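**Q** What follows is a predicted structure for the sequence shown.
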Amino acid sequence: MEQALRNPLRPIRCLSLGLLICLGAQSCDGDPSSDRGDTGVTTPDGGPSVDSDTPDALPTRVWSPPENISQSPTYSDLRINWGNSVAVDDSGAVHATWREVVDPQTSPLVSKIAHRRRGPSGWEPTQDLSGEAPGLGHPKLAVDAGHVYVVWHQYDPAPAGFDSLHLAVSAAGGIAGSFGSPATLVDDAPVVVSPAGDLSTSPSIAAVDDWVYVVWSDDRVVPTCGTNVPEVYLVRSSDRGGGWSTPQLVSAPDCRSSWTPAVAASDDFVHVAWTDDRHNTDDCALGSAACHEEEYYRRLADHGAAPDTPELRLTTDDPGPPVESWAGSVAVSAGAVHYAWMDLSGGDGWEVYYARSDDLGLGWSLPAEPLTHHAPGCGSVRPTLAAEGDVVHLVWFELCTDAAGDTATVFHRWSADGGDTWSNRSDVTSGNALFAVHPSVAVAPDAVHVVYNDQAEIWYATSPGP
Ligand SMILES: [Ca+2]
Ligand SMILES: [Ca+2]
Ligand SMILES: [Ca+2]
């Protein structure tokens, strides 16, 4: 919770004080235009710096014209890259979920959760998965075995900090009218929240066959710490969301924040990666330059019953002042685990880095260079990954500060060899971005699908081929 003051990227900002600011300025949680690491950055040589123009690289993808899929008079938004806002099922149907803010004058915002399905005949009518309620967080989804699972949190600041996780399930591929009423997945007792406290927020969800997994950062009281500290928890279902386990810890309850958890699943393994503050050497709440964050990973076996690896540290800052690492996205395919996150290593603002394990999480190859090279005055943030066989897709947005007004564009790179080599980047918006942020990507054998948020609407673009 100490990062409430320090890190403007944290999710809770859009659930409390930052709500109205978020709507007006398009620069709240996840739109890190106010982040100190993103202002005034320049490349070392002062010249243009975009993603490398590599000879013989894979062709860049060509995208369909962006399609407005929310088409609502209310404010439609996406946030938080460690869960998926888009997925594609075995039939090829595409599923997107987002939040509709129905009353921007309220705090917490009165919102509802939306889902839309793109079947063989195109986009079907938008479905409301929840009623209108204050404090609904941004939904994330997973699909498998004919089921669609959408999870979100709800934050209620009064009379004390309190929140819960909710889940809506369709057993009929997300077609109209097939979602059941939302069930309460995790219902926290009210927690004792320190002044800028965080709560159960921003879950990530994965599904394989009958199994469904939800991870989230929950700052319920950790008895050994004597206070509330965010740690990563998991709940799981063996029967397609019918029944759920009690919350179990994934990160060590060490009195240092562990959060931004992402989850993927393969066979009976569950892969969880997150950002961890255990290496902090100073008080992050004071904005100390010594604040230290690193990326961590842990595998759980037997469908998440128990960890079968230690917590594996993926990042290590270079000598010198520690730097922030944040907000990863995990995908698993063809025996490999792929992880991308944003990092201030290099001293030139945020860039996206990528790591891979070729043995389902036991050993990891770590990058020497980022996968992005942003333009001067910009930052590369909020990566999400999707993988299909040896094909890996990465999307992110590049946020640029400008006296005439900040801009943001969604970019994409892909790999056909499991992440060894990558295409040059392409602009998913085909030049149509005004302030395009928070992309999410999904892949199927016949197409790759991206959604993103721009100007209070949700936009979709696709490219043929895996
Ligand atoms: Ca809208
Ligand atoms: Ca911890
Ligand atoms: Ca770091």
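**A** Nice, I can see it. Ligands and ions are numbered 1, 2, ... in the order given.
**Q** Which residue does the stretch 201-350 of the chain have closest to ligand 2?
**A** For the stretch 201-350 of the chain, the residue closest to ligand 2 is residue 258, as judged by C-beta to the ion, at 3.6 Å. C-beta coordinates here come from the backbone N, C-alpha and C atoms, glycine included.
**Q** Verify the stated contact: residue 247 with residue 236.
**A** No. If you go by C-beta atoms under 8 Å, residue 247 and residue 236 don't touch, sitting 10.0 Å apart.
**Q** related to what we said a few turns ago, please tell me how far the residue of the stretch 201-350 of the chain closest to ligand 2 sits from residue 93.
**A** Going from residue 258 to residue 93 by C-beta to C-beta, to the nearest Å gives 35 Å.
**Q** Neighbour count: the two, which is higher?
**A** Taking neighbours as other C-beta atoms under 10 Å, residue 258 and residue 93 compare with residue 258 leading, 26 against 19.
**Q** quick one, phi psi at that one?
**A** phi -130, psi 120 (degrees, to the nearest 10).
**Q** which residues sit in contact with it?
**A** For residue 258, the contact set (C-beta atoms under 8 Å, 6 or more residues apart in numbering) comprises 217, 230, 231, 232, 251, 252, 274, 275, 276, 277, 278, 296.
**Q** repeat that with 6 Å
**A** Listed by C-beta atoms under 6 Å, 6 or more residues apart in numbering, the contact set of residue 258 reads 231, 232, 251, 274, 276.
**Q** between those residues, which is closest to residue 421?
**A** Ranked by distance to residue 421 (C-beta to C-beta), the contacts of residue 258 are led by residue 274 at 27.7 Å.
**Q** Quick one: neighbours of the closest residue to residue 333 other than its chain neighbours, just the number.
**A** Nearest-residue entry for residue 333: residue 387, 3.5 Å, with adjacent residues in sequence omitted and distances by C-beta to C-beta, 6 or more residues apart in numbering. Residues lying near residue 387 (other C-beta under 10 Å) number 25.
**Q** low-scoring stretches of the stretch 1-150 of the chain, by residue?
**A** 1-56 (pLDDT under 70).
**Q** all helices of it, in order?
**A** Here the stretch 1-150 of the chain has its helices, by DSSP state H, counting those that start in this stretch, at 3-6, 19-25.
**Q** that older thread, and the contacts of residue 258, which is closest to ligand 3?
**A** Closest to ligand 3 out of the contacts of residue 258 is residue 276 (9.6 Å), distances taken as C-beta to the ion.
**Q** and the closest one, what does it touch?
**A** Residue 276 neighbours (C-beta under 6 Å, 6+ apart): 258, 294, 296.
**Q** is the second one in a bridge, and if so with what?
**A** When you say that, I think you mean residue 294. Note on residue 294: beta-bridge partners by DSSP bridges are residue 276.
**Q** thought residue 408 was touching residue 401?
**A** No. Judged on C-beta atoms under 6 Å, residue 408 makes no contact with residue 401 at a distance of 10.3 Å.
**Q** Now residue 400: closest residue in space, sequence neighbours ignored.
**A** residue 378 (4.0 Å).
**Q** Which part of this protein gets nearest to ligand 3, residue-wise?
**A** residue 325 (3.6 Å).
**Q** Now do the contacts for that residue.
**A** Residue 325 is in contact with 293, 294, 295, 315, 341, 343, counting by C-beta under 6 Å, 6+ apart.
**Q** What distance do you get for the residue nearest to residue 333 to residue 393?
**A** 7 Å.
**Q** can you check residue 60 too?
**A** Look at residue 60 and residue 393: by C-beta to C-beta, they are 12 Å apart.
**Q** And residue 235, by the same measure?
**A** Using C-beta to C-beta, residue 235 is found at 28 Å from residue 393.
**Q** what are the bridge partners for the residue of the stretch 201-350 of the chain closest to ligand 2, then?
**A** Beta bridges link residue 258 to residue 276, judged by DSSP bridges.
**Q** so what's it scoring on pLDDT?
**A** What the model reports as pLDDT for residue 258 is 89.
**Q** got the residues of the chain near ligand 3?
**A** 294, 315, 317, 325 (C-beta under 5 Å from the ion).
**Q** The same query, at a cut-off of 8 Å, please.
**A** Neighbours of ligand 3 within the chain, by C-beta under 8 Å from the ion: 279, 292-295, 315-317, 322-325, 343-345.
**Q** which among these end up buried?
**A** 292-295, 315, 317, 322-325, 343-345 (16 or more other C-beta atoms under 10 Å).
**Q** from the stretch 251-400 of the chain, which residue is nearest to ligand 1?
**A** Ligand 1 sits closest to residue 397 of the stretch 251-400 of the chain, with a gap of 18.6 Å, by C-beta to the ion.
**Q** Dump the helix or strand where that residue lies to CSV, restricted to CA.
**A** Here residue 397, judged by DSSP states H and E, is contained in strand 391-400. This file holds the C-alpha atoms of strand 391-400, laid out as CSV (Å, rounded to 0.1, in the frame of the first residue of the first chain):
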residue,chain,number,x,y,z
VAL,A,391,3.9,-17.7,-32.5
VAL,A,392,4.1,-15.0,-29.8
HIS,A,393,2.4,-11.6,-30.0
LEU,A,394,3.2,-8.5,-28.0
VAL,A,395,1.2,-5.3,-27.8
TRP,A,396,1.8,-2.2,-25.8
PHE,A,397,1.2,1.5,-26.0
GLU,A,398,3.7,4.3,-26.4
LEU,A,399,2.8,7.4,-24.4
CYS,A,400,4.4,10.6,-25.5
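**Q** can you give me the angle the next helix or strand after that strand makes with strand 391-400?
**A** Proceeding N to C from strand 391-400, the next assigned helix or strand is strand 407-415, under DSSP H and E. Strand 407-415 runs at 160 degrees relative to strand 391-400, counting by axes from the mean of the first three to the mean of the last three C-alpha atoms, to 10 degrees.
**Q** quick one: buried residues of strand 407-415?
**A** In strand 407-415, counting by 16+ other C-beta under 10 Å, buried: 407, 408, 409, 410, 411, 412, 413, 414, 415.
**Q** Take these and write them to CSV, including distance to ligand 2 and pLDDT.
**A** Shown next, in CSV, are those (distance: C-beta to the ion, whole Å; pLDDT from 0 to 100):
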residue, distance to ligand 2, pLDDT
407, 36, 96
408, 32, 98
409, 35, 98
410, 32, 98
411, 32, 98
412, 33, 98
413, 32, 98
414, 34, 98
415, 32, 98
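**Q** of these, closest to residue 460?
**A** residue 410 (11.4 Å).
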